[in-house]
Each structure stands twice: as structure tokens, then as C-alpha cells.
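1. the following block contains a protein sequence and its predicted model.
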Amino acid sequence: MGDAMVHRGPDGDGYFCDDRIHLGMRRLSIIDVEHGNQPFSDTSGNVIVVCNGEIYNFRDLKDELQSDGIKFRSGSDIEVLPHLYNKYGISFVERLNGMFAMALYDKTEGVLYLIRDRLGIKPLYVQTEAKYLFFASEIKSLLHLNQIDKGLDFRALSSFLELNYIPGPATPFNKIKKLESGCWLKWDGNESTVSRYWEIPKHHPEAALSESEALVEMDELIRDGIAKRLISDVPLGSFLSGGVDSSLVTTIAATDAENDFSVFHMSWKGIGGKMDETRYAEQVLNGMKVNRHFREVDQIGGIDLIPELIYHLDEPFADAAFIPTFYLSKLASEDVKVILSGAGGDELFGGYPHHLPYPRWKSAINGRLGRKSLAHSYYDMWRSGNQSKWSNIFPWYEKDTIKDEFEQPWKKGKDTDFANAIMANDIAYYLRDDILFLTDKMSMAASIECRVPLLDHRLVELAQRIPSSLKIVGMEQKYILKKSAESCLPKNVLYRQKEGFGFPIHLWMEKNKDLYLDPLLEGGFMVENRLIDKKLLQNFIYQSSFSRADYWIYWKIVVLEIWFSLFVQGCPPRDIFDLDAC
């Protein structure tokens, strides 16, 4: 299992085995490089922990434990965990500030706990089978076990077609589930139970902050969150797109970093359909003493790139932002092991178009006409409008399989603060299962750790105490965050048109459609196994012209075919377009 995830931890491995439990981990050495090898145990050896991620407040926790007389053998952040468990029990997790997926084994009680961080920054996959429990950071690791049930979940695959990703806890496999963010699972050798220790707070208007109060608390938490994420014994840096969030994180981090700090930016001057923000990135760094790594992208990438990246994604995933994220991660991996990202600013402070005010009467009419409408349904606003096409092409497709569950956070808060309720729902699913999902998978594919300071849970909680009227003022989005950043960033960086981090994937498909993609679909796994209607597929791919919308439909079909070939058929990424090899 560990060999399938060497990219997540190329610096070493560690194991614990007894007659009941086998634990293993791969290590990317960041804190106490020499002595930080896992697993860690308490003094008695009865509590054993392995953890993927970082505990950012470990120094404060260590000071507390040392005052209790605990002696440590390393400077690792993970070593505090078994001792905290001895002191507080499983509630110790509430004292952690970090990103983590961990396993904690209590030999005395005979129980195993699996714990995932509050926002779901780090992934954790689980399957329980009879009296066995299997878990890993990636699906591909689990699939190496004979005991894993590889039956497919077509409801989850239907969700992928509608949303571009599979919302948790579902995965493409029936029996493999994602442990939800903010939860821990307890397994006693016979059965497992899941408990929630954190959830996104609901906005309460009576406790809402004023603008001055919000600015003071935001400034303190943003700076402290970044400072905690600068703790590292290896070189670190940040991604810089030139947008508000990455510019704010980069400016504060570069100013506060004690050692050399590197900044990474991709210039898209040679790619049509992708706005180049290099001039803004250069302006942000003007006068800063940092190591600048600017690289120009002048071509989309070879035909073998996409299968390799889908292999690392583990699941069907159609948000093409994973491609530039991998490019940036690969660039950064040449110089650093730790990278900071501005992810989360849009979801917390109202940065997306669907956060803007929209006349309820107009939205209600659109809903009755079957169009995207927030008054009608949060889920319908997100889903693609191709349900009839999916029903025709895929015999297994089911419409709206998770709709009710998916929009619960919005329903709970929409009558109190409509826009804040939308943001809470964005955090619960889109942020976790799309943005953070691709960020972790692509950074780990390049063997670097990506930290997201704007998703310090304290800042997330604070954001829900700020009324949406301070996040969106008129048509100005992220008003309160921009106001907070005015002391750090030029106004023309703050107050300009937003550019998303997407990718013009239609250009890659145009280039490769006739020679590689059409033959792959016509002679591929889905056609052979009657998972797609061949005649309707051919009618679609050989139509006289392709619109941009057609290319996005085509892209999802290609992603599904590649995923089935990789994870069901077992074809290596390098052989995907060689139909004879697979």
C-alpha cells in the first residue's frame, strides 16, 4: 500500500504491527527532518499515532505538556498527539490547529481512531468489511488489497457528471467512503462509529460584527494563521497568481519569513483563453527580497499528461484547474518542499458570481423554467444543464441523487443571511471536494506540501460572524477582505476584474480529438462494457461542429473513459491511448 503512495512521502516510511493492527505511513520530511520519523507513541507505548499533515500550534501544545512533566525525544509536531490523547481523550482533536488525516491506536482500550481535519484539507478513505477496517490517503493504495470491494457506485458517478466532482462521503466505489471533514471514526474491532467534532458555524445576525470589529479580528487571525504556516525546517514559498488571496498571503508571508522565501508564478501569455496576470504578480513583489520563479507556459501539454494526472486524482474529476495546479506544484518542487496557497478566500468572503445579489422574483421564474436558480435550489445552481444528454448516453445515470443532502447547509441558513448561507454550502462541498481535493492531489503528485492559511479554522469561524453586507457592497465582492488588505497591496491589484484559476481544456481536446480521443472513446472500456450508448456517442463526437459547451460534455466523457481504464480495467497511465496494450 505504501509503495502506491511514494509520491506523498518520498523521504521515508514507518510501520507499526501487532496481532490486531497494521499501521503504515510515507513521510515527506518537513519538521525535525532527522528525528521526525513516524509512528510516534506515548511513554508507555500504548498509544500509537501516524499522521499525514501538520499541527501548526504544536509548540504551544508541547509547552503545555512539558509543564506536565512529559519528555519528548524529537522536535516533531506529531509527537505531541499521543500525549494529548492521554490527557484529554479523543476530545484532544478540538485543541488542534492544523491540516491532518491521522490514525491513533489505543492498545489498552483496543480501539482505533481515524481523524480528519475540520475543513477536509487532507483526504482519508475508509472501507469496513466484516471485522476488518482498511484506510489510506488515496484510493489507489486501497485497491492493492484483495479484501477491497471494487463494486462501483453509479449514483456517485452520476454526481460527477452533474457537478464535475464527487461530493463526500461518496467515492466511485460503493464500499470505499471518504471520512467527512471535522469527523472522527472509532473502530473497536467489530464495528465503527463516526462522530462529528466540528461543523461550519451558522451565521447569527444578532452576533454579527461591525466593519471595524471585523477588520481588527481579521488582521490578527490572517497574520497569525500565516505565521503558524511558516514553521518549517525545509525551504518554503508561495503560489502567486496576482489575485487578491494569493497576493495577500504572499505579501505577509514574504515579509514575516525568517529564511529565504520563494514565490512561484505561471505566465499564460502563450495560451489562448487564459488571462495572463503576470503584471499584477510583478507589482505585488515590487521591492520584496524573495526568490522569484516565473515560468511561461506556451503549450497545453502532451497527450500523456491527463491520464497521469487523473491517476493521481483517484476519482473522476473534471475541474480543469487541476492542470495549472500541477504545473505550479511541479515548478515549486524544484526549489521547496512547502508551499502556501490563497485557497479559501472566495468561499469565506464572497468572491464568486453566485454570491452576488439576484432578484428573488427573477430567480424564482428561472427555477420554474428549469434554469439555474438560487431561489429554487442551491444544487440546481451548481449542476450542469445536460441531464437529458447524460440520460441518453449513459444507461446507468441517475438524476439529482444527492440533491437534498447537498444543499442542507444553504437551507439551514438562507432565511437568516442568504449570501452567507451560500458561502457555508460552498465550504461544505465545493471547497472541500473540489478546490482542496485538487490542491492536495496535485501538490502531493509533485511531492510538496501545500498549506492554506486562509482556511485556519478560526478565520472560517470568524467569517461566519461577518454579515454578507460587509462581504459584498454593491457589486464589490470580498469588500471586507480587500479593505483588510489595503495596507499590504496596491489598489489596482485589489480592485480589478477577478480571473479564475481554470484552464482552457477545450484547446487540448481540439488538438487531440481526432487522433487520440475519438479512437479512445469508440474502442474503449465504456463501449466494450456497455456503460455508454455507442451509437449516441458516435452521433455526438462526429457532429459537424463543436461549441464550447459541447467540449465540456466531451471532456467529462473523456475523463470517465480514462478513469475506468485506469482504476477498473487496470491500464497504466502511459498505455491509455494504446488500445492494444490495454
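-> Okay, I see it.

2. report the contact partners of Leu521.
-> 527, 537, 541, 557-558, 561 (Cβ atoms under 8 Å, 6 or more residues apart in numbering). In this view, the C-beta of every residue, glycine as well, is placed from N, C-alpha and C.

3. from those residues, which two are the most distant?
-> Across the contacts of Leu521, the longest distance by Cβ to Cβ is 13.1 Å; it joins Val527 and Val558.

4. can you redo the contacts of Leu521 as JSON lines with pLDDT and neighbour count?
-> Converted to JSON lines, the contacts of Leu521 look like this (pLDDT from 0 to 100; neighbours: other Cβ atoms under 10 Å):
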{"residue": "Val527", "pLDDT": "96", "neighbour count": "17"}
{"residue": "Leu537", "pLDDT": "93", "neighbour count": "21"}
{"residue": "Ile541", "pLDDT": "91", "neighbour count": "18"}
{"residue": "Ile557", "pLDDT": "97", "neighbour count": "23"}
{"residue": "Val558", "pLDDT": "97", "neighbour count": "26"}
{"residue": "Glu561", "pLDDT": "97", "neighbour count": "23"}
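
5. out of those residues, which is nearest to Glu138?
-> For the contacts of Leu521, the nearest to Glu138 is Glu561 (21.0 Å; Cβ to Cβ).

6. next, give phi and psi for that closest one.
-> phi -60, psi -50 (degrees, to the nearest 10).

7. count the residues that sit near the nearest residue to it once chain neighbours are set aside.
-> With sequence-adjacent residues excluded and distances taken as Cβ to Cβ, 6 or more residues apart in numbering, Glu561 is closest to Gly524, at 4.8 Å. Residues lying near Gly524 (other Cβ atoms under 10 Å) number 27.

8. Leu28 too?
-> Count around Leu28 with other Cβ under 10 Å applied: 18.

9. which pLDDT value belongs to it?
-> We have a pLDDT of 94 for Leu28.

10. and for Val284?
-> 95.

11. residues contacting it?
-> Contact partners of Val284, counting by Cβ under 8 Å, 6+ apart, are 240, 242, 247, 250-251, 489-490, 493.

12. in ChimeraX, select just the buried ones from the residues you listed.
-> To isolate the buried ones among those in ChimeraX, judged by 16 or more other Cβ atoms under 10 Å, type:
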select :240,242,247,250,251,489,493
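
13. which one of the contacts of Val284 is nearest to Leu230?
-> Nearest member of those to Leu230, counting by Cβ to Cβ, is Thr250, at 11.9 Å.

14. does the closest one count as helix, strand or coil?
-> Taking DSSP: H, G, I helix; E, B strand; the rest coil as the rule, one finds Thr250 in the helix state.

15. right, and it touches Leu236 too?
-> No. The pair Thr250 / Leu236 is not scored as a contact, 11.7 Å apart, by Cβ atoms under 8 Å.

16. now do the shared contacts for those two.
-> Leu340.

17. Ala103 belongs to a strand, doesn't it?
-> Yes. Secondary structure assignment places Ala103 in a strand (three-state DSSP).

18. can you count the residues close to it?
-> Ala103: 24 neighbours (other Cβ under 10 Å).

19. ok, now which ones touch it?
-> Contacts of Ala103 by Cβ under 8 Å, 6+ apart are 23, 49-51, 112-115, 135.

20. again, only this time at 6 Å
-> For Ala103, the contact set (Cβ atoms under 6 Å, 6 or more residues apart in numbering) comprises 23, 50, 114.

21. between those, which is closest to Arg59?
-> Val50 (21.0 Å).

22. what pLDDT is listed against that closest one?
-> Value listed for Val50 in the pLDDT field: 97.

23. sorry, back to before: can I get the buried part of the contacts of Ala103 as one PyMOL selection?
-> Listed next is the PyMOL selection for buried residues among the contacts of Ala103, using 16+ other Cβ under 10 Å:
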select buried, resi 23+50+114
